[in-house]
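Q: Mind looking at a prediction? Sequence and model below.
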Amino acid sequence: MGIIVGTMALFVVLSVFSGLKVFSLSFTNEIDPDLKMTSTHGKSFLISPQQEKELKEINGVACYTKIIEERVLFLFKDKQRVTYLKGVDSIYPVVNNIKVKLFNGQWLKPDSYQVVIGYGIAQDFSLGILDFENPLQIFAPKPGKGAIDNPEEAFNKTDVLPVGIYSISEDLDSKYVFADLGLTQELLMYNPNQISGIEFRLKPNADENAVNAQIKKIFNNKVTIKNREQLNESLYKMLNTENIAVYLIFTLVIIVALFNLIGALIMMILDKRANLKTLVNLGIEINSVRKIFILQGTLLSVFGGLIGLYYGIILVTLQQKYELIMITPTLAYPVVFTLENVVIVMTTIVSLGFIASLIASSRVSKKLLD
């Protein structure tokens with residue numbers, strides 16, 4: 001019973017943390033590209049028509065979008081904020097499914113002075129959409145060297161019209177303001193073929209490593225390419241660390257439960273001491289006697305683990321289907337059933353059960369029987 005309950009608890013908790021991981025990553029993965037390419041040297045780079053043609057011919061790339069990201073100053077009435085302006089082309093909503101995250105309004109039109117802002121920025125500025133009387137102002141520093149003589153001439157300025165508000169997560173809602181790529185190039189005084197990055201959407205079952213190698217070859221290995229996990233490296237590390245910590249804590253619970261197994265096997269050894277002595281007198285070696293209890297303890301662990309997994313899988317399946325436990329009135333506690341968790345749990349139970357049986361069987365000795 002101790003092994004069954006311990007196994008069930010470990011499997012359910014691992015399934016819950018798998019669900020929380022998927023739930024947490026869903027906020028970023030929906031607008032993160034499969035691959036993102038940036039320049040290794042400097043903020044921006046030039047892309048030639050030939051390079052664009054070669055990118056389209058890469059096997060595994062479904063589509064790509066050119067972007068520019070730069071920190072600028074936003075001013076609305078008497079409020080101001082420094083955050084990222086992200087210039088995107090018309091293909092951006094195809095590569096990143098941003099339109100489904102629009103909280104209000106619509107996506108910006110190409111070659112226009114429209115922008116889409118985050119819900120957090122809209123709250124800070126008390127800003128709505130389609131406010132023609134009070135435009136949002138953008139100030140971007142002009143490129144150059146030397147001291148600034150006139151602050152008014154040190155910035156490029158433009159007025160834009162918010163036409164949509166997106167809502168993804170608290171951090172992202174206060175990070176980006178999306179604008180047209182041409183407008184961003186004009187504001188930052190970039191060349192028409194000058195960008196700061198390219199975001200890719202890959203075809204299903206595409207070889208990510210092969211695509212990486214081809215992209216780097218096109219740009220002479222002067223670019224850095226990151227996938228979704230690398231773009232959210234700190235978040236992935238935090239979730240994986242939490243998962244490992246919980247696994248170790250519940251493994252400790254199972255180890256405590258397996259002390260019962262050790263105790264039960266030792267009591268059986270003492271109870272059957274006379275029978276064991278008879279077996280030894282008949283010629284069976286001590287190691288063979290020990291194997292009896294190793295096998296018995298391992299079988300208890302295996303069957304206890306299988307029964308615990310059976311009930312754990314039922315609990316997880318019921319939660320997925322019927323949403324028995326709720327975090328909020330509308331949000332069920334996320335759980336995910338994975339074969340990886342099944343393998344981890346069974347490997348843990350069988351390994352620890354074998355070690356516990358080995359410890360208990362070591363009590364069988366010539367001295368004990370004599």
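A: Great, that's in hand.

Q: Residue 298: neighbouring residues, count only.
A: By the criterion of other C-beta atoms under 10 Å, residue 298 has 19 neighbours. Using the backbone N, CA and C atoms, a C-beta is placed for each residue, glycine as well.

Q: Spell out the secondary structure type for it.
A: What DSSP: H, G, I helix; E, B strand; the rest coil gives for residue 298 is helix.

Q: List the contacts of it.
A: For residue 298, the contact set (C-beta atoms under 8 Å, 6 or more residues apart in numbering) comprises 350, 353-354, 357.

Q: go on, residue 131?
A: Each residue near residue 131 by C-beta under 8 Å, 6+ apart is listed here: 161-162.

Q: do you know how far it is from residue 117?
A: 11 Å (C-beta to C-beta, to the nearest Å).

Q: Need the residues touching each of these two.
A: Common neighbours of residue 131 and residue 117, counting by C-beta under 8 Å, 6+ apart, are residue 162.

Q: wait, residue 336 sits on residue 24?
A: No: here residue 336 does not reach residue 24: they are 12.0 Å apart, not a contact under C-beta atoms under 8 Å.

Q: For residue 164, what is the enclosing helix or strand?
A: Per DSSP states H and E: residue 164 is located in strand 155-166.

Q: helices or strands up against that strand?
A: Helices and strands touching strand 155-166, as assessed by 3 or more C-beta pairs under 8 Å, 6 or more residues apart in numbering; DSSP states H and E, comprise strand 102-105, strand 114-118, helix 119-125, strand 136-141, helix 181-188.

Q: Could you provide those in TSV, with additional columns for mean neighbour count, distance to residue 273 and mean pLDDT?
A: Formatted as TSV, those follow (neighbours: other C-beta atoms under 10 Å; distance: least, C-beta to C-beta, whole Å; pLDDT from 0 to 100):
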stretch	mean neighbour count	distance to residue 273	mean pLDDT
strand 102-105	16	74	92
strand 114-118	25	74	96
helix 119-125	19	72	95
strand 136-141	18	86	93
helix 181-188	20	84	96
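
Q: Residue 9 is nearest to which of these?
A: Relative to residue 9, the nearest member of the helices and strands packed on strand 155-166 by C-beta to C-beta is helix 119-125, separated by 38.6 Å.

Q: that older thread, export the strand holding residue 164 to PDB, keeping only CA atoms.
A: Provided in PDB are the C-alpha atoms of strand 155-166 (Å, rounded to 0.1, in the frame of the first residue of the first chain):
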ATOM      1  CA  PHE A 155      15.500  62.600 -32.100                       C
ATOM      2  CA  ASN A 156      13.300  61.500 -35.000                       C
ATOM      3  CA  LYS A 157       9.700  61.900 -34.100                       C
ATOM      4  CA  THR A 158       6.500  60.500 -35.600                       C
ATOM      5  CA  ASP A 159       2.800  60.300 -34.600                       C
ATOM      6  CA  VAL A 160       1.100  57.000 -34.800                       C
ATOM      7  CA  LEU A 161      -2.500  55.700 -34.300                       C
ATOM      8  CA  PRO A 162      -3.200  52.700 -32.100                       C
ATOM      9  CA  VAL A 163      -5.700  50.400 -33.800                       C
ATOM     10  CA  GLY A 164      -5.400  47.300 -31.700                       C
ATOM     11  CA  ILE A 165      -4.500  46.000 -28.200                       C
ATOM     12  CA  TYR A 166      -3.000  42.600 -27.600                       C
END
